[in-house]
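In: Please find the sequence and the predicted model below.
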Amino acid sequence: MTQYKEKACLIGSGNWGSAIAKIVGRNVTEHDGFDREVKMWVFEEMINGEKLTEIINTKHENAKYLPNIKLPPNVKAVPDVVETCHDATVLIFVVPHQFVKGICQKLVGRIRPDARAISLIKGVDVSAMGLTLVSDLIKQNLNVDVSVLMGANIANEVAAENFCETTIGYSDPDNAEVLKKLFHTPYFRVSTVPDVAGVEICGALKNIVALGAGFVDGLRYGDNTKAAIIRLGLLEMKKFAKMFYSGVRDETFLESCGVADLITTCSGGRNRRVAEAMVTTGKPLDVLEKEMLNGQKLQGTLTAKEVYEILSRQNLTHEFPLFTVIYRISFESLPASHIVRDL
Ligand SMILES: NC(=O)c1ccc[n+]([C@@H]2O[C@H](COP(=O)([O-])OP(=O)(O)OC[C@H]3O[C@@H](n4cnc5c(N)ncnc54)[C@H](O)[C@@H]3O)[C@@H](O)[C@H]2O)c1
Ligand SMILES: O=P(O)(O)OC[C@H](O)CO
């Protein structure tokens, strides 16, 4: 009987979760040492009277979150998160960041002791205790090594197999090697860097800048203004990362997770699109999120709130004028034109 060393599972099946399931499902069949089955946890819901898990397992397509893309048949949708994870050696977390804490709590004591994790989640956690990276949240709850994968990766484009790059931030090089095998393809090129915090902060904070890009698009200020927002955003991302985490590397900001993700997210991302619509329609972001995204979630709105909370608590808002004005436009009815006036 074949002995498999590694077994991957996915915790999440939204737009990005499903696109990444396509890659992982294929890669486990192309490399030795991986179990062929990839279980994918699905937050169960009914679509036209049918369970989403049943649709995925029979039609091999996530009809709601990634329609018209075939998933490999070895990706098996499972509605129970413990059943998904209990026998896995690689846990791939890919849910909107507001749900990760509750999921981790369900998994405490229910995973293999030799498992490790990777987070594809772009966000941070803020509580009374302060700021916590999602990777640290997973590590604290499950006592596993946690890497991160972030990059200029709009899910629909990755699912269409258009070439792009991505960045894995790791602390254990052996884990990085296994993870590269799981994710790398000729059209999805993985670079690995020993900087978990730097990579993760880039992925989280670029979503705030994307809202700013959406506001200037809504105001029809043009490309020069948007380029200025991107540049100032990059500077605030770097300043924030270095202020709150030691060891963050300058080079990380030039990887796909840094400048490249900022460019893509400020061009084709959901946060940008919804922020633009806020300016043109006058509707609040949460209303537009529901109207425009068919169940997909924005990460920039909650992150803008969380980062503003941390900055306010520490009297640092004046050091981050872009993050601060984006928060105020998003949540305090400040006119969008302040995006340039307040800088
Ligand atoms: N979509 C992209 O292009 C993309 C690319 C790179 C990274 N990301 C990041 O990946 C993460 C996941 O994004 P996504 O695009 O896969 O998700 P998504 O935006 O498609 O969100 C919808 C998902 O959330 C799930 N959900 C809804 N309510 C839930 C609940 N109460 N508990 C648990 N799950 C619930 C839904 O079932 C669905 O799977 C985010 O942090 C995002 O920033 C997204
Ligand atoms: O659609 P967004 O704004 O959530 O961005 C998607 C990805 O993070 C881009 O890399």
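Out: Yep, it's here. Ligands and ions are numbered 1, 2, ... in the order given.
In: any weak-confidence spans in this structure?
Out: Of all residues in the chain, those with pLDDT under 70 make up the ranges 1-4.
In: which residues in it form strands?
Out: Remark: strands of the chain, listed N- to C-terminal, are 8-11, 38-41, 46-47, 50-51, 75-78, 90-93, 116-119, 124-127, 130-133, 146-150, 164-169, 188-193; assignment by DSSP state E.
In: name the helices or strands packed onto the last one?
Out: Using 3 or more CB pairs under 8 Å, 6 or more residues apart in numbering; DSSP states H and E as the contact criterion, the neighbours of strand 188-193 among helices and strands are strand 164-169, helix 173-183. C-beta coordinates here come from the backbone N, C-alpha and C atoms, glycine included.
In: Show me the one of those that comes nearest ligand 2.
Out: Ligand 2 lies closest, by CB to the nearest ligand atom, to one member of the helices and strands packed on strand 188-193: strand 164-169, at 8.7 Å.
In: what pairs with that closest one, and is each one parallel or antiparallel?
Out: Counting by DSSP bridges, the strands paired with strand 164-169 are strand 146-150 (antiparallel), strand 188-193 (parallel).
In: residues in contact with that strand?
Out: Contacts to strand 164-169, defined as CB atoms under 8 Å, 6 or more residues apart in numbering, come from residues 118, 147-153, 157-158, 176, 179-180, 183, 187-200, 252, 255-258, 260.
In: Near ligand 2, list only the ones from those residues.
Out: With CB under 6 Å from any ligand atom as the criterion, the subset of the contacts of strand 164-169 in contact with ligand 2 comprises Ala152, Asn153.
In: Ile310 - nearest residue in space that isn't next to it in sequence?
Out: Nearest in space to Ile310, with sequence neighbours left out and distances taken as CB to CB, 6 or more residues apart in numbering, is Leu131 at 5.1 Å.
In: wait, isn't that neighbour in contact with Val124?
Out: Yes. Look at Leu131 against Val124 with CB atoms under 8 Å: they come within range, at 5.9 Å.
In: doesn't Ala19 make contact with Ile69?
Out: Yes. Using CB under 8 Å, Ile69 and Ala19 qualify as a contacting pair, with a distance of 7.3 Å.
In: quick one on the thing from earlier: can you pull the contacts of the residue nearest to Ile310?
Out: Residues touching Leu131, when contacts are defined by CB under 8 Å, 6+ apart, comprise Val124, Asp125, Phe244, Glu306, Ile310.
In: Distance check, it against Val340.
Out: Taking CB to CB, to the nearest Å as the criterion, Leu131 is separated from Val340 by 28 Å.
In: Once you drop chain neighbours, what's closest to the residue in the stretch 1-150 of the chain that ligand 1 sits nearest to?
Out: Per CB to the nearest ligand atom, Gly14 is where the stretch 1-150 of the chain lies closest to ligand 1, at 2.5 Å. In space, and not counting its chain neighbours, Gly14 is closest to Tyr65: 4.8 Å by CB to CB, 6+ apart.
In: can you count the residues close to that neighbour?
Out: Here the count is done by other CB atoms under 10 Å, and Tyr65 has 21 residues near it.
In: Could you do Ile111 as well?
Out: Each residue near Ile111 was counted by other CB under 10 Å, and the total is 20.
In: just Val134 next, same as before
Out: When counting by other CB under 10 Å, one arrives at 25 neighbours for Val134.
In: Contact partners for the spatially closest residue to Phe34 that is not a sequence neighbour?
Out: Closest residue in space to Phe34, ignoring its immediate chain neighbours: Val28 at 3.9 Å, by CB to CB, 6+ apart. Applying CB under 8 Å, 6+ apart to Val28 gives the contacts Ala8, Phe34, Asp35, Arg36, Val38, Asn74, Leu182.
In: what comes up buried for stretch 20-27?
Out: By neighbour count, with 16 or more other CB atoms under 10 Å as the criterion, the buried positions of stretch 20-27 are Ile20, Ala21, Lys22, Ile23, Val24, Gly25, Asn27.
In: Quick check, Val78 in contact with Lys39.
Out: Yes. The pair Val78 and Lys39 qualifies as a contact (CB under 8 Å) at a distance of 4.9 Å.
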